[in-house]
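Engineer: please find the sequence and the predicted model below.
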Amino acid sequence: MRGVAAGGQTTLQDQVTVAGIGVHSGAPATLTLHPAEADTGIVFLRCGSEGQPDRELTADFRSVTATEFATVLGDANGPAVSTTEHVMAALHALGVDNAVVEVDGPEVPIMDGSAAPFVAAIDQAGIATLPASRRYIQVLKPVRVAKGDSFGELRPHLRGLRIETEIEFDHPLIGRQSFAVDVEPDLFRRELARARTFGFMRDVTKLWSAGYALGASFENTVVIAENRVLNPEGLRFADEFVRHKAVDAIGDIALSGAPLLGAYRSVRGGHKLNHAVLTALMADRSAWTYVDMAEARRPRGHVELATGFASPAYGPDVS
Ligand SMILES: [Zn+2]
């Protein structure tokens, strides 16, 4: 179904480490992906806080403590690990059910701003099948959340996780873009993983004064000025922006705690909306059910590019 395993749960064959800086904190961090037993799920292990014990955080929507410009996991003691979405997207899209994500700083390293370095790390470690069946969360009825001009919806979709993302920025380089995809490993590698974080030059001062984007640079962020991309290498995809939003959505929806059989549509959304829709789904016990893998059908990876969504402009966002 997802990844290499048709029926069973998976984990990594080996551990693998990447290092970099946090895009918001600017703090250096090392991230190590470790294999984990069946039914562990994805667990973040925040270590390296001086004088503090290591903290374990289940990668679950209930652990989300903030969604401003990134998805932050924490607990009653406060936030623990920020910017979890890109590594979560890579783990989920490649079909890794169980792993411990050890991070020795306040934020997952941003690497090049995309999910590709995490895909490469997972590929380097390899994926192993575990002798345990995989359980899915099947969406049974649509659940929708609207906030101002943006809305998000999860609806039934039996082939796996489908992501439909639409963005609209009042900027000549972006305008309206949409991207829809049934999430599948090879397709994620090819079409989504390399899409980078982006931000607007006009927002930089405001972001910095609020303590965000302190580690942002051309090395890890597509920086958009009045009418052009400032990065010397340009864009990786003409619609890299909406593709990155799709990566963020996959990473955020992966906080369901089990792979979702459902379609998620996000219109002018971001981390806050993704979290709100997932929370609304899980709160409505009549809107979903657990199913084992035998009942799920194999998703067929394909991309649909759609245009023509009419809607009012949406303000700046960095994700
Ligand atoms: Zn992102």
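Structural biologist: Looks like it arrived, so ask away. On a predicted model such as this, the values are computed, not experimentally measured, just so you know.
Engineer: could I get the full set of helices for the stretch 101-250 of the chain?
Structural biologist: Using DSSP state H, counting those that start in this stretch, the helices assigned to the stretch 101-250 of the chain run over residues 116-125, 185-187, 204-209, 240-253.
Engineer: tell me which parts of the stretch 101-250 of the chain are close to the ion?
Structural biologist: Within the stretch 101-250 of the chain, the positions lying close to the ion (Cβ under 5 Å from the ion) are 197, 248. Bear in mind the C-beta positions are built from the backbone N, C-alpha and C, glycine included.
Engineer: just for the stretch 101-250 of the chain, where's the confidence low?
Structural biologist: Scanning the stretch 101-250 of the chain for pLDDT under 70 picks out nothing.
Engineer: ok, now which ones touch the residue of it found nearest the ion?
Structural biologist: Closest approach between the stretch 101-250 of the chain and the ion, counting by Cβ to the ion: residue 248, at 4.1 Å. Neighbour list for residue 248: 85-86, 89, 270-271, 274, 319 [criterion: Cβ atoms under 8 Å, 6 or more residues apart in numbering].
Engineer: any chance of a markdown table for those residues, columns neighbour count, pLDDT and distance to the ion?
Structural biologist: What follows is the contacts of residue 248, written out as a markdown table (neighbours: other Cβ atoms under 10 Å; pLDDT from 0 to 100; distance: Cβ to the ion, whole Å):
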| residue | neighbour count | pLDDT | distance to the ion |
| --- | --- | --- | --- |
| 85 | 27 | 97 | 5 |
| 86 | 33 | 98 | 6 |
| 89 | 29 | 98 | 8 |
| 270 | 25 | 96 | 9 |
| 271 | 24 | 96 | 8 |
| 274 | 30 | 98 | 11 |
| 319 | 25 | 47 | 4 |
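Engineer: the helix or strand hosting residue 263: what's the following helix or strand?
Structural biologist: Counting by DSSP states H and E, the element that carries residue 263 is strand 260-267. Downstream of strand 260-267, the next assigned helix or strand under DSSP H and E is helix 271-283.
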